[in-house]
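A.B. asks: no sequence for this one, just the structure:
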């Protein structure tokens, strides 16, 4: 019983120490505003440069009901003009959504571990060719569900402004409809995220990617 009581006191002492450290002026690399952060808004700048899945503008909100827990939701849509310049997709349309729940370790205030879910709906055209045949335009409808475990690290840029760098590891489920699937077995040009031709069907593939989110704290309390 004494051992259990001693462990409880030790854990409480460590937690209080970490809470105080989070108020530090930066000498211990803790975010100064972290203890009072409640609501922040953020954007995902790397989404604009996605050469595989299409260029999208994405932003959202983060809520921290308690210091160690953050809930995030982001929404986005695709930019067809920039997608055309960065990839092989034409007339990209659709939207995407991402939500996550992360836990901050009390001894490392900038490091968190969490769960992430993403959904993407896309339709686009691209030009392909097969040997000894004229080129053709394929129309693709694509639905993607992504389930990740992630680790993230927050980097201070200025007061109330920080950068979250996140590594995602998980699996994605894809449903693809392609009105030219019969010709793609012999196609010369084909592209898609990770591996596999853009043929009609449903499949699971591994997912690993790096995400960056720029956050600004609106309200603390």
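C.D. replies: Right, received. Where do you want to start? All of these numbers come straight from a predicted model, not from anything done at the bench. Numbers count the residues shown, from 1 in each chain.
A.B. asks: which residues in the chain form helices?
C.D. replies: Using DSSP state H, the helices of the chain run over 2-21, 80-86.
A.B. asks: least reliable of those by average pLDDT, please.
C.D. replies: Note on these: helix 2-21 shows the lowest mean pLDDT, a mean of 39.
A.B. asks: for residue 50, which non-adjacent residue is closest in space?
C.D. replies: Using Cβ to Cβ, 6 or more residues apart in numbering and skipping the chain neighbours, the partner closest in space to residue 50 is residue 56 (6.7 Å). (Glycine included, C-beta is placed from N, CA and C.)
A.B. asks: elements contacting the longest strand that the chain contains?
C.D. replies: For the chain, the strand that runs over the most residues, judged by DSSP state E, is strand 136-158. In terms of contacts (3 or more Cβ pairs under 8 Å, 6 or more residues apart in numbering; DSSP states H and E), strand 136-158 is packed against strand 90-104, strand 111-128, strand 161-178, strand 201-220.
A.B. asks: residue 62: which of those is closest?
C.D. replies: Residue 62 sits nearest to strand 201-220 of all these, at 6.5 Å, using Cβ to Cβ.
A.B. asks: what's the angle from the closest one to strand 161-178?
C.D. replies: Relative orientation of strand 201-220 versus strand 161-178 (axes from the mean of the first three to the mean of the last three Cα atoms, to 10 degrees): 160 degrees.
A.B. asks: pairing partners for strand 201-220, with directions?
C.D. replies: Within its sheet, and counting by DSSP bridges, strand 201-220 is paired with strand 37-43 (antiparallel), strand 161-178 (antiparallel).
A.B. asks: relative to strand 136-158, how tilted is that strand?
C.D. replies: 30 degrees.
A.B. asks: pairing partners for the longest strand of the chain, with directions?
C.D. replies: strand 111-128 (antiparallel), strand 161-178 (antiparallel).
A.B. asks: where does pLDDT dip in this protein?
C.D. replies: Counting by pLDDT under 70, the ranges of the chain that qualify are 1-36, 106-109, 183-197, 221.
A.B. asks: recalculate using a threshold of 50.
C.D. replies: Within the chain, the segments meeting pLDDT under 50 span 1-30, 33, 191-196.
A.B. asks: can you report how many residues lie near residue 124?
C.D. replies: 23 (other Cβ atoms under 10 Å).
A.B. asks: beta partners for it?
C.D. replies: Going by DSSP bridges, residue 124 forms beta bridges with residue 140.
A.B. asks: swap in residue 61?
C.D. replies: Residue 61 forms beta bridges with residue 41, residue 73, as assigned by DSSP bridges.
A.B. asks: you'd agree residue 49 is up against residue 55?
C.D. replies: Yes. Judged on Cβ atoms under 8 Å, residue 49 makes contact with residue 55 at a distance of 6.9 Å.
A.B. asks: neighbour-wise, which of the two wins?
C.D. replies: Legend: neighbour count by other Cβ under 10 Å for residue 49 and residue 55, higher for residue 55 (21 against 9).
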